[in-house]
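>>> whatever this is, show me its structure:
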Amino acid sequence: MRQEIAQADITVVGGGLAGVNAAIAAARLGRTVALVQNRPVLGGNSSSEVRVWVCGATAHGTQRYARETGIMGELFVENQFRNIEGNPYLWDLTLLEAVRAEPNIRLYLNTDVHEVEADGDERDRTIRSLTGWMMGSERRIRFESLFYLDCTGDGLIGFLAGAKHRIGREAQHEFNESWAPLVPDDITLGSTLLFYTKDAGRPVRFVPPSFAVDIAKTTIPVRRIIRSGDNGCAYWWIEWGGELDTVHDNERIRDELWAVIYGIWDFIKNSGKFDADRMTLEWVGSIPGKREYRRFVGDYVLNQNDILEQHPFEDRVAFGGWSIDLHPPQGVYAKESGSKHLYPDGVYHIPFRSLYSVNVNNMLMAGRDISASHVAFGTTRVMATCAVIGEAAGTGAALCAIKGVSPRELHRRHLRELQQTLLRQDASVIGIRNEDEADAARHADVAASGTLRVLAAEQADEAYSLTSDIGFIVPVDPRLDGIELLVNAADDAVLQVEAWSTGRLENYVPFRLEASSEASVKRGERQWVALPLAWSPDTAQNAFIVVKANDRLSVHLSNRPLTGVLTFKDGGEPPVPSSLEEKQVDQPLVRWRSHPFERKTVCFRLAGETNAFLPSKVADGYHRPYGGPHLWSSEADPSETPQWLELAWPQPIAVGSVHLTFNDDVNEDLINLHHHRTPFEAIPELVKDYRVEAWLNDGWETVAECRNNHKRKRVHSLGAKIETNRLRVVVAATNGCPRAEIVEVRVYECKREKPLG
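Down below sits the predicted model:
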């Protein structure tokens with residue numbers, strides 16, 4: 001047996017998206033990282049071995065402007081560019097290349113960690129080492145680090161280290177959670193196996209195995225949707241094992257899931273109810289995708305009320321947006337719906353105190369094993385949310401290693417630096433402003449070649465009948481003076497509109513009525529109708545404009561999306577499942593649906609000029625939409641005339657690096673596999689060709705340049721010291737947008753870039 005010792009600043013166990021993001025985050029901050037994964041590929045449940053698509057805060061377009069940024073955002077955008085068809089093997093490759101691109105990461109695949117050396121009493125324990133076995137290579141490896149991240153999902157490392165944890169459902173009274181049971185129990189969400197099918201081009205028969213379930217004798221065909229041609233996560237409901245131990249009964253659960261899959265396929269192929277003569281099985285999973293097991297206890301336990309109230313934790317380091325999504329314990333055999341969902345009005349926040357152990361002083365956790373109640377876990381468990389939690393935990397671990405402090409001490413003494421580090425890395429944090437003293441852009445005067453000041457969508461591509469209320473978001477900066485709509489009237493009618501505030505700046509639902517107006521419309525087509533709407537909020541924010549239903553009227557839609565503007569349809573409020581034994585819950589987020597209007601805009605004209613896209617927005621401290629777009633947008637098309645953004649200082653500075661963040665439309669719901677197909681490889685709003693120029697020797701000189709860009713964030717380290725009092729970014733082309741759009745510019749002087757202690 002080959003014995004080895006692997007030493008690193010940080011050991012991350014678990015190569016799912018939480019572990020991958022944690023490892024990359026720590027490595028980018030200069031720490032050495034051992035990333036240990038017990039499978040031959042990275043990605044966990046999203047890998048080609050399991051093939052669950054990566055869900056996150058967008059909730060498949062239900063949440064607005066909610067796609068993750070930071071490392072998870074990079075992976076989404078890169079996979080879209082490389083893998084537009086959602087090939088699971090190319091997704092594996094995207095993850096592998098992202099890890100291999102970091103020289104500070106040493107990757108250990110096929111390595112199962114099953115021994116932990118820890119000491120101390122139950123209130124204060126310290127992990128000294130982990131030991132794993134590399135399958136196929138017969139290598140026994142001891143991992144020694146300052147800090148350890150349990151990203152295993154099942155929480156094995158923390159369990160072996162003596163970390164406090166929970167399994168199952170808490171009682172309702174513990175956190176005052178309406179969705180919790182009255183009495184605590186050990187029930188968890190079950191596991192799932194998936195399958196793929198394909199058209200073989202000729203008749204193919206199927207002889208079911210002896211163990212296949214005869215699903216015609218179960219409630220499955222009655223309670224679940226079965227269609228020929230569906231595959232993969234369309235069958236997410238093939239779930240079982242929630243009433244068992246999802247770890248120790250893993251083999252039994254897998255066997256039952258196989259029996260169900262082959263039973264479903266037998267039903268599709270041989271019942272005569274489907275057109276499936278030429279269909280055949282292409283792939284059947286063999287590793288159950290687990291949803292839930294141990295959840296560690298941190299200094300704070302996230303709960304249902306935090307999610308629904310969108311509690312703005314002082315120590316927030318990540319966000320989520322998926323619904324609280326709980327499943328019946330009986331899984332596929334349940335007589336009720338396969339899932340029930342409850343949404344907050346917008347994205348919610350995740351505190352750092354939920355990402356480190358309450359009693360193991362050098363262990364952090366990320367993924368589905370964070371410190372959360374069972375109900376709150378119903379939303380934090382989805383993989384893109386696990387990933388942004390991983391980036392936050394990995395960043396925290398790196399700062400702990402740099403400063404020689406525990407995670408708890410980091411929270412107490414260095415919280416601001418942790419959050420500012422995350423913001424500098426473009427991580428998924430909402431509502432916290434860039435306050436990095438080393439960022440010279442914060443003190444620059446910003447100008448541009450031109451700015452979008454008149455907000456309007458005038459190109460009409462189709463008419464849409466007002467058979468129900470519709471709504472659209474517009475930025476109000478500094479005030480709302482009125483609006484015009486392009487309308488068809490089948491007969492004389494009255495057009496009614498309302499302006500609503502959205503409540504929180506991260507929300508995109510009508511919250512409080514601020515103004516209303518109406519206008520008489522004569523019979524006719526393509527009429528611009530003016531409606532006075534007066535609202536002057538205390539701070540720049542969005543208005544939710546509601547156009548009231550009138551079946552004699554139609555509005556026009558433009559197929560040219562406009563940054564900062566989203567359109568919705570009032571679809572009515574679906575009832576909460578009666579099994580919850582509670583009254584119907586109003587869910588505005590679900591009621592107002594954007595799906596009919598993806599990348600479409602109501603034809604409108606906003607009265608007056610807007611300040612929403614001023615050049616100064618690139619240095620206002622926000623790198624995501626938050627009460628407005630928070631970006632500069634040019635008025636002209638850079639493909640016709642290059643557009644530029646200039647930063648100037650009273651005195652020359654020694655520029656070392658320039659950070660550029662471009663608009664990748666975080667409202668666009670990207671997916672890694674096959675849930676839906678996004679039709680473009682590069683996000684159209686992204687800047688494609690640009691250069692960075694410095695004012696040197698009484699003229700502009702190019703100091704950095706990029707062509708064919710498809711990434712959101714670019715960092716240009718300029719090498720030799722450049723002393724200048726003027727910098728500008730010149731945009732020559734985008735990936736399809738008729739405007740140049742830049743979210744953030746940061747400028748760091750030589751040797752001043754932080755935060756490394």
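
>>> got the CA coordinates for the longest strand seen in the chain in CSV?
In the chain, taking DSSP state E as the definition, the longest strand is strand 713-734. Output of strand 713-734 as CSV, limited to C-alpha atoms (Å, rounded to 0.1, in the frame of the first residue of the first chain):
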residue,chain,number,x,y,z
LYS,A,713,-15.8,39.8,-15.8
ARG,A,714,-12.3,40.4,-17.1
VAL,A,715,-9.3,41.4,-15.0
HIS,A,716,-6.4,43.1,-16.9
SER,A,717,-3.1,43.1,-14.9
LEU,A,718,-1.0,45.7,-16.8
GLY,A,719,2.4,44.5,-15.8
ALA,A,720,4.6,47.5,-16.0
LYS,A,721,3.6,50.5,-13.9
ILE,A,722,1.4,52.9,-15.8
GLU,A,723,1.1,56.4,-14.4
THR,A,724,-1.9,58.3,-15.7
ASN,A,725,-4.8,60.5,-14.6
ARG,A,726,-7.1,59.2,-17.4
LEU,A,727,-8.3,55.7,-18.4
ARG,A,728,-11.0,54.7,-20.7
VAL,A,729,-12.7,51.6,-22.0
VAL,A,730,-13.4,51.7,-25.7
VAL,A,731,-16.1,49.3,-26.9
ALA,A,732,-16.1,48.4,-30.6
ALA,A,733,-18.7,45.6,-30.6
THR,A,734,-21.1,43.6,-28.5
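
>>> would you agree residue 723 is in contact with residue 651?
No. In terms of CB atoms under 8 Å, residue 723 does not count as a neighbour of residue 651; the distance is 9.8 Å. Heads up, the C-betas are built off the backbone N, CA and C, glycines and all.

>>> between these two, which has more neighbouring residues?
Comparing residue 723 with residue 651 by other CB atoms under 10 Å, the one with more neighbours is residue 723, at 13 against 6.

>>> helix, strand or coil for the nearest residue to the more buried one once chain neighbours are set aside?
In space, and not counting its chain neighbours, residue 723 is closest to residue 652: 4.7 Å by CB to CB, 6 or more residues apart in numbering. Of the three states, residue 652 takes strand under DSSP: H, G, I helix; E, B strand; the rest coil.

>>> check residue 379 too.
Judged by three-state DSSP, the three-state class of residue 379 is helix.

>>> so the residue nearest to residue 723 is in contact with residue 721, correct?
No. Contact criterion CB under 8 Å: residue 652 and residue 721 do not qualify, at 10.8 Å.

>>> so which of the two has more stuff around it?
With neighbours defined as other CB under 10 Å, residue 652 and residue 721 compare such that residue 652 has more, 14 against 11.

>>> measure that one to residue 424 for me?
For residue 652, the distance to residue 424 equals 24 Å [CB to CB, to the nearest Å].

>>> one more: residue 677?
Between residue 677 and residue 424 the distance, using CB to CB, works out to 34 Å.

>>> which one's more surrounded, the two?
residue 424 (22 against 9).

>>> any idea of the pLDDT on the residue nearest to that one when sequence neighbours are not counted?
Leaving aside its chain neighbours, residue 424 sits nearest to residue 436 (6.1 Å; criterion: CB to CB, 6+ apart). pLDDT, residue 436: 97.

>>> residue 436 should be in a strand, yeah?
No. Residue state for residue 436 (three-state DSSP) corresponds to coil; a strand is not indicated.

>>> neighbours around it, how many?
If you count neighbours by other CB under 10 Å, residue 436 ends up with 21.

>>> again, but for residue 96
17.

>>> can you list the buried residues in stretch 491-505?
Judged by neighbour count using 16 or more other CB atoms under 10 Å, the buried positions of stretch 491-505 are 493, 495-505.

>>> apologies, that question was intended for stretch 134-141.
Residues of stretch 134-141 classed as buried: 134, 139, 141 (neighbour count, 16+ other CB under 10 Å).

>>> swap in stretch 532-543?
Those would be 533, 535, 537, 540-543, for stretch 532-543 by 16+ other CB under 10 Å.

>>> which residues sit against it?
Here stretch 532-543 makes contact (CB atoms under 8 Å, 6 or more residues apart in numbering) with 473-483, 497, 499-502, 505, 508, 514-517, 545, 611-612, 627-628.

>>> just the terminal-to-terminal distance for that stretch.
With CA to CA, to the nearest Å as the measure, stretch 532-543 spans 14 Å from end to end.

>>> quick one on the thing from earlier: just checking, what packs against the longest strand of the chain?
Contacts defined by 3 or more CB pairs under 8 Å, 6 or more residues apart in numbering; DSSP states H and E place strand 713-734 against strand 643-662, strand 687-696, strand 699-706, strand 741-749.

>>> residues in contact with residue 136?
Neighbour list for residue 136: residue 110 [criterion: CB under 8 Å, 6+ apart].

>>> again but with residue 57, I slipped
The contact partners of residue 57, taken as CB under 8 Å, 6+ apart, are 63, 66-68, 319-322, 347, 384-385, 428.

>>> please name the nearest non-neighbouring residue to residue 270.
The nearest residue in space to residue 270 (CB to CB, 6+ apart) is residue 206, at 6.6 Å.

>>> please tell me how far the residue nearest the centre of the chain sits from residue 392.
Nearest to the geometric centre of the chain sits residue 68, at 3.2 Å (CA atoms, centre = their mean). Residue 68 sits 12 Å away from residue 392, going by CB to CB.

>>> ditto for residue 346
19 Å.

>>> more crowded one of the two?
Neighbours were counted for residue 346 and for residue 392 using other CB under 10 Å; residue 392 has more, 32 against 24.

>>> can you tell me the closest non-neighbouring residue to the more buried one?
Nearest non-adjacent residue to residue 392, counting by CB to CB, 6+ apart: residue 317, 3.9 Å away.

>>> one more: residue 128?
In space, residue 128 is closest to residue 117, 4.5 Å off (CB to CB, 6+ apart).

>>> and for residue 78?
Among residues not flanking residue 78 along the chain, residue 94 sits closest, at 5.6 Å (CB to CB, 6+ apart).

>>> where in the chain is pLDDT low?
By pLDDT under 70, the low-scoring segments of the chain are 573-585, 752-757.

>>> domain parsing for it?
2-170+295-424, 191-290, 440-450+613-749, 456-606 (automatic domain parsing).

>>> in the stretch 451-600 of the chain, which spans are strands?
For the stretch 451-600 of the chain, the strands defined by DSSP state E, counting those that start in this stretch occupy 456-457, 462-466, 470-476, 483-489, 493-501, 512-521, 524-531, 541-547, 550-558, 566-570, 592-593.

>>> do the same with the stretch 251-400 of the chain
Going by DSSP E, counting those that start in this stretch, the stretch 251-400 of the chain shows strands at 279-284, 289-290, 295-296, 316-320, 324-326, 340-342, 348-351, 363-365.

>>> tabulate those in a markdown table, adding columns for mean neighbour count and distance to residue 86.
Listed next are those as a markdown table, based on neighbours: other CB atoms under 10 Å; distance: least, CB to CB, whole Å:
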| stretch | mean neighbour count | distance to residue 86 |
| --- | --- | --- |
| strand 279-284 | 16 | 14 |
| strand 289-290 | 24 | 17 |
| strand 295-296 | 28 | 31 |
| strand 316-320 | 27 | 23 |
| strand 324-326 | 20 | 22 |
| strand 340-342 | 19 | 24 |
| strand 348-351 | 27 | 28 |
| strand 363-365 | 30 | 30 |
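
>>> of those strands, which is nearest residue 634?
Across the strands of the stretch 251-400 of the chain, residue 634 has its closest neighbour in strand 316-320 (29.3 Å, CB to CB).

>>> so what strands line up beside the closest one?
Strand 316-320 has its sheet partners listed here by DSSP bridges as strand 348-351 (antiparallel).

>>> would you mind writing the CA trace of the strand it pairs with as PDB?
Coordinates of each C-alpha in strand 348-351 appear next as PDB, following Å, rounded to 0.1, in the frame of the first residue of the first chain:
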ATOM      1  CA  TYR A 348     -33.300  35.800   0.100                       C
ATOM      2  CA  HIS A 349     -30.000  36.100   1.900                       C
ATOM      3  CA  ILE A 350     -27.700  33.600   3.500                       C
ATOM      4  CA  PRO A 351     -25.600  34.500   6.600                       C
END
